[in-house]
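> Sequence and predicted structure below; questions after.
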Amino acid sequence: MTAPLGTPIADCDPLAWRVRRAIDQPELPAYLPRPHDDRLRATADEVLRTGTARIVTLVGGAATGKTRACWEVARYLDRRQPGRWRLWDPGEIPEWDHAGDAIANRVDGHTVMWIDEARYHLGFESSPVATGLLALLRRARPVLVLATMWPAHWDTLVQRAQPWSRVRAVLTGTAVPVPETFTATERAAAADGDPRLAEAAATATDGRVIQYLAGATGQEQRHRDAPPAARAILDAAVDACRVGHVPRFSTTLLRVAAAGYLDPEHRTATWFDDGLAYASEGHRGVDGPLTPVAPDGYLLADTLEENGPTGPYPPGTLWRAFVGPTTDPHLLHTLGRYAAAHGHPEHAVPLLAKASGAGHAAATALLADLRDRAGHHTLAEHLALRAGPDAVLALADRRYRSGDRDAARTLAAQATDTRVLRQVSWWHERDGDKAGADALLRQAADRGDAEAVRLRALRRHLDGDHDAAEALYRQAVDRGHAGALRELAAMRELAGDDVEAEALFRRGADAGDVRALGGLARLLDRAGDAEGARALALEAADRGDSMPLAALVSTRHHADDRDGALALALLAADRGDFRPLHTLADLRPDGEELLRLAADRGSVDALADLAALRRAAGDAVGADTYALRAAELGDAPT
C-alpha cells in the first residue's frame, strides 16, 4: 500500500514550511486574525461540511502574512479533526512531470495542499500542477489547497491569461486579498498583544506592521543604506529578478553581474567579499537582504525582489553572468525573451542558443527569428525546422510577404508537419494563385494528409467541378476523415440522393462528427419525422452544436408552427444558447415577452434589450430595473 502524501500537521514546524521568522525570537508571535482569515476559515468549514476539494489563493505583497495565515488555517483544521489532516507540498515530488498525476490520483482526503509562492508551480501554461488540480477538484474528497501569490503574478496568470488557460481555470474565483497594511483598529488590537507585535504596531507608522515584524522593513532599509559594493550586489540581484531570473544566485553570477553596477574607484581588492558580507548580515534574528543557501548560493529577500527599485535596462555584465551558471532551459528562454523584447539580441542570442541546445522549442523558435532578422537565413531555417511548425510558418510568412513565394514553398515542403503546407497553400489561394495552392495541397496529400485531400475537394466543389470534388471527398473518406463524410453527404443531398446522404451522415456521426447530426436532423425533418429530427438536434446541442436546433426553430416558425418553434427555442435557451429565442423575438409581435423568457434564463443580452425597449417606451423605472439586473450579471447597458 502506498504511503499517504504529506506530514501530519501536528508534526510540522511552521518555519520549515516557510512561515517567516519574526524579529528577536525564534518562536512565532501571537496571531491577530484579520478579515482574510475569516474567509479562509469559511472555506475550511465548507471543505469539512461538503467533503469536497477547495482552492484558496491568498493574494498580497511580500511579507504581508500570507504564509502565516495559511499555517493558521491548517492548524484550525487539525484542531477540528485532530490527527486526521496532513500537510503536503507538491514540490516534494522528485520528478516534476509526475506532479500532476500525484495531485490527481494520490492526494487523499484530509490533506492540506501547500502551494506557497504559487508562481513557481503555476507560472507556465504546461504546468502539471494545474492539470492535476483540475482533476482533483472533480473528485469528492476533503482537500484544502492553499496557494499564495503576489498581485503582479495574479494579474499575469489570471487577469491577462488566455480564456482557455488551464492555470486561469484553476485560479479564477479563488483570490482572497491580503492587505499590505493594518487598519487603525487592527493596530490598536496589536498594541495590546504580543510585545513584538505591539512594537511593530507602534513603530510602523505607515501601517506595514507585518513587514516590520517579519524584518522586511529592516531588509529594505539595509538596501537603501548599503555602501557601494553591497549596493551593486543587491541592485544586480534585484535587476536579475526583474528580467525573469529566480531569486537564487550563485556566487559567481553575483560577482560577474555586480561588477557592472560598481564605479571603478570602488573596486578594491576585497570589494565583493565586503559587499557580500554586508548584504548577507542579519538583523534582530532575521536574515539580511541576501541569505546564504547551500552549496554556494544566495537567496534574495522577497521584499526586495518585489519592491526593489527599478532602473534602466541592466548592464551587459548581468547578461554575461547569466550564460555560464544558468542551466534550466525554461529560465534561459525567459531571460533571452526579455532581452529580445527590449531590443538587445546580442544578450538574447547566447541565452537562447543554450536553451535551444537543451531542446527548448520556444527558445529555438525565437532564436530562429532573431538569426533571420540578422541576415543568417540558412541558419534561421535550420533552427525553425528544429523548433516546429509554428516557427517554420513564421519564417515562411516572412518569405511570402517579402515576395519570395518560391522560398516560402521550399521551406514549407521541408517541414515534417503537413499543416505548414496547408497554411502556405491558403496564402496562395487568398492571393489568387489557385494552381500554386493546389500544388501545395497535393504535396501534403501525397504525404498522407487527409485534410489536404478534403480541402482540394472543397475547392473543386466551389469551382463547380462536382465530379472531381466528389471523387476527392471519397478519397478523404477512405483516409478516415469524418468531416469529409459530412461534406460528401451534403453533396449527395444536393444531388437528390437522400438515401446515400443519410448513410454518409450516419457514418460521420458514428465517427464522432457532431455536425453530422445536423444533416441527419435536416433529412428526417424534411421526411416528416419531426420527433426524430428533434431528438437528433437535442443530441447535437448537448454535445456542443446548437445550430441544428436553431435550424429547426426557423423551420417551425416559417411553417407557422409558433408553439413548436417556441418550445425548441426554449430548449436551446436551457442549454445556454439564447440566439433562437432572440431571433423569434425579432420576428414575432410578442417579442418582448420572449425576451423576458430569455432574461429569466440568464441572458444578459435580453436584459439589455429589455432595458432599451422600456426606455424607448418611456418606462424609466422598468428600464433601470432591467439595466440593474444586467449589471449584476456582468453587463451594464447604457
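Good, I have the coordinates.

> D97 and V167, how far apart?
Separation of D97 from V167 (C-beta to C-beta, to the nearest Å): 17 Å. Just so you know, the C-beta spots here come from the backbone N, C-alpha and C atoms, and that holds for glycine as well.

> okay, those two: which has more neighbours?
Taking neighbours as other C-beta atoms under 10 Å, D97 and V167 compare with V167 leading, 25 against 9.

> Show me what the helix or strand that one falls within is packed against.
Assigned by DSSP states H and E, V167 falls within helix 166-171. If contacts are counted by 3 or more C-beta pairs under 8 Å, 6 or more residues apart in numbering; DSSP states H and E, helix 166-171 sits against strand 53-59, helix 119-122, helix 128-136.

> Tell me which residues are up against it.
55, 57, 122, 125, 127, 130-131, 133-134, 137, 147, 154, 157-158, 161-162 (C-beta atoms under 8 Å, 6 or more residues apart in numbering).

> Which stretches in this protein count as strands?
For the chain, the strands defined by DSSP state E cover 7-8, 53-59, 86-88, 111-115, 143-149, 175-177, 248-250, 290-293, 297-300.

> Can you tell me what sits against stretch 315-333?
Stretch 315-333 is contacted from outside by 124, 236, 239-240, 243-246, 250, 252-261, 335, 339, 344, 347, 350-352, 354-355, 358-360, 362-363, 366, using C-beta under 8 Å, 6+ apart.

> Could you chop the protein up by domain?
Domain assignment for the chain by automatic domain parsing gives 7-177, 184-213, 220-325, 514-580.

> Quick one, which of these gets closest to A501.
domain 514-580 (6.4 Å; C-beta to C-beta).

> chain center to stretch 175-184, what's the gap?
26 Å (C-alpha atoms, centre = their mean, to the nearest Å).

> Let me see the mean pLDDT of that stretch.
For stretch 175-184, mean pLDDT is 95.

> Same check on stretch 312-330?
Here the average pLDDT along stretch 312-330 is 94.

> Export only the CA atoms of that stretch, formatted as CSV.
In CSV, the C-alpha atoms belonging to stretch 312-330 read as follows (Å, rounded to 0.1, in the frame of the first residue of the first chain):
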residue,chain,number,x,y,z
PRO,A,312,17.0,51.3,-16.9
TYR,A,313,17.8,48.2,-18.9
PRO,A,314,20.5,46.2,-17.0
PRO,A,315,24.2,46.4,-18.0
GLY,A,316,25.9,43.8,-20.1
THR,A,317,27.7,42.2,-17.2
LEU,A,318,24.4,40.9,-15.8
TRP,A,319,23.6,39.2,-19.1
ARG,A,320,27.0,37.7,-19.4
ALA,A,321,26.7,36.5,-15.9
PHE,A,322,23.6,34.6,-16.7
VAL,A,323,25.1,32.5,-19.5
GLY,A,324,27.6,30.3,-17.6
PRO,A,325,25.8,29.2,-14.5
THR,A,326,22.3,29.0,-15.8
THR,A,327,21.3,25.5,-17.0
ASP,A,328,17.5,25.5,-16.8
PRO,A,329,16.3,25.9,-20.4
HIS,A,330,13.0,27.5,-19.3
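
> Buried residues, that stretch. List them.
314-315, 317-323, 326, 329-330 (16 or more other C-beta atoms under 10 Å).

> next one: stretch 499-518
Buried-residue list, stretch 499-518, by 16+ other C-beta under 10 Å: 501-502, 504-509, 513-518.

> Can you flag which of the residues you listed belong to helices?
Using DSSP state H, the members of those that fall in helices are 501-502, 504-509, 515-518.

> Out of those residues, which comes closest to A269?
Once C-beta to C-beta is applied, the member of those that ends up nearest A269 is R515, at 76.1 Å.

> For A489, see how far away the closest one is.
Taking C-beta to C-beta, one finds R515 at 10 Å from A489.

> Pull up the overlap in contacts between the two.
With C-beta under 8 Å, 6+ apart as the test, R515 and A489 both reach G508.

> Just the residues contacting stretch 335-348, thanks.
Stretch 335-348 has contacts (C-beta under 8 Å, 6+ apart) with 243-245, 313, 316, 319, 322, 326, 349, 351-352, 355, 363, 366-367, 370, 373-374.

> how far out from the middle of the chain is that stretch?
23 Å.

> Adding pLDDT and distance to N105, write the ones in helices among the buried residues of stretch 499-518 out as CSV.
CSV is the format used below for these (pLDDT from 0 to 100; distance: C-beta to C-beta, whole Å):
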residue, pLDDT, distance to N105
A501, 92, 46
E502, 91, 44
L504, 91, 41
F505, 91, 40
R506, 91, 38
R507, 90, 37
G508, 88, 36
A509, 87, 34
R515, 90, 35
A516, 91, 36
L517, 92, 35
G518, 90, 38
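
> Relative to G218, which of the residues you listed is nearest.
Ranked by distance to G218 (C-beta to C-beta), these are led by R515 at 64.9 Å.

> ok, that closest one - contacts?
For R515, the contacting residues are 483, 486, 508, 540, 545, 547, by C-beta under 8 Å, 6+ apart.

> Would you map the helices across the stretch 401-550 of the chain?
Assigned by DSSP state H, counting those that start in this stretch, the helices in the stretch 401-550 of the chain fall at 405-414, 419-430, 434-446, 450-462, 466-478, 482-494, 498-510, 515-526, 530-542, 547-558.

> Of all the ones you listed, which one comes closest to D302?
Here helix 419-430 is closest among these (C-beta to C-beta), at 43.4 Å.

> what is the mean pLDDT for that closest one?
Over the span of helix 419-430, the pLDDT mean works out to 93.

> Pull out the buried residues from that helix.
Neighbour counts over helix 419-430 (16+ other C-beta under 10 Å) mark 419-425, 427-429 as buried.

> Closest one to H461 out of these, please.
Nearest to H461 among the buried residues of helix 419-430, with distances taken as C-beta to C-beta, is E429, at 13.9 Å.

> Apart from its chain neighbours, what residue comes closest to that closest one?
Distances taken as C-beta to C-beta, 6 or more residues apart in numbering place A437 nearest to E429, at 4.0 Å, with adjacent residues excluded.

> you'd agree that neighbour is up against H428?
Yes - A437 sits in contact with H428 when judged by C-beta atoms under 8 Å, with a separation of 3.9 Å.

> ranges for the helices of the stretch 151-300 of the chain?
151-154, 166-171, 184-191, 195-203, 209-213, 216-225, 228-242, 251-258, 271-279.

> closest to E451 out of the ones you listed?
helix 166-171 (26.5 Å).

> for the closest one, what is the average pLDDT?
Helix 166-171 comes out at a mean pLDDT of 88.

> buried stuff in it?
166-171.

> Show me the shaky parts of the stretch 301-450 of the chain.
Along the stretch 301-450 of the chain, segments meeting pLDDT under 70 span 309.

> and the residue nearest to A363 when sequence neighbours are not counted, what is it in contact with?
Spatial nearest neighbour of A363, excluding adjacent residues (C-beta to C-beta, 6+ apart): A355 at 3.6 Å. A355 sits next to 329-330, 332-333, 336, 363-364 when contact means C-beta under 8 Å, 6+ apart.

> Let's have these in TSV, adding distance to E593.
Formatted as TSV, the contacts of A355 follow (distance: C-beta to C-beta, whole Å):
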residue	distance to E593
P329	61
H330	57
L332	63
H333	58
G336	61
A363	59
T364	60
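
> Of the contacts of stretch 315-333, keep whichever come out buried.
Applying 16+ other C-beta under 10 Å to the contacts of stretch 315-333 flags 236, 239-240, 243-246, 250, 253-261, 335, 339, 344, 347, 350-352, 354-355, 360, 362-363, 366 as buried.

> circling back: what number of residues lie near the residue nearest to E429?
22.

> G343 now?
Neighbours around G343, by other C-beta under 10 Å: 10.

> re earlier: most surrounded residue in the contacts of helix 166-171?
Neighbour tally across these (other C-beta under 10 Å): the maximum, 30 neighbours, falls on L133.

> I figured it hits I55, correct?
Yes - counting by C-beta under 8 Å, L133 sits close enough to I55 to count as a contact (6.9 Å).

> overlap in contacts of the two?
Counting by C-beta under 8 Å, 6+ apart, the residues touching both L133 and I55 are 145, 170.
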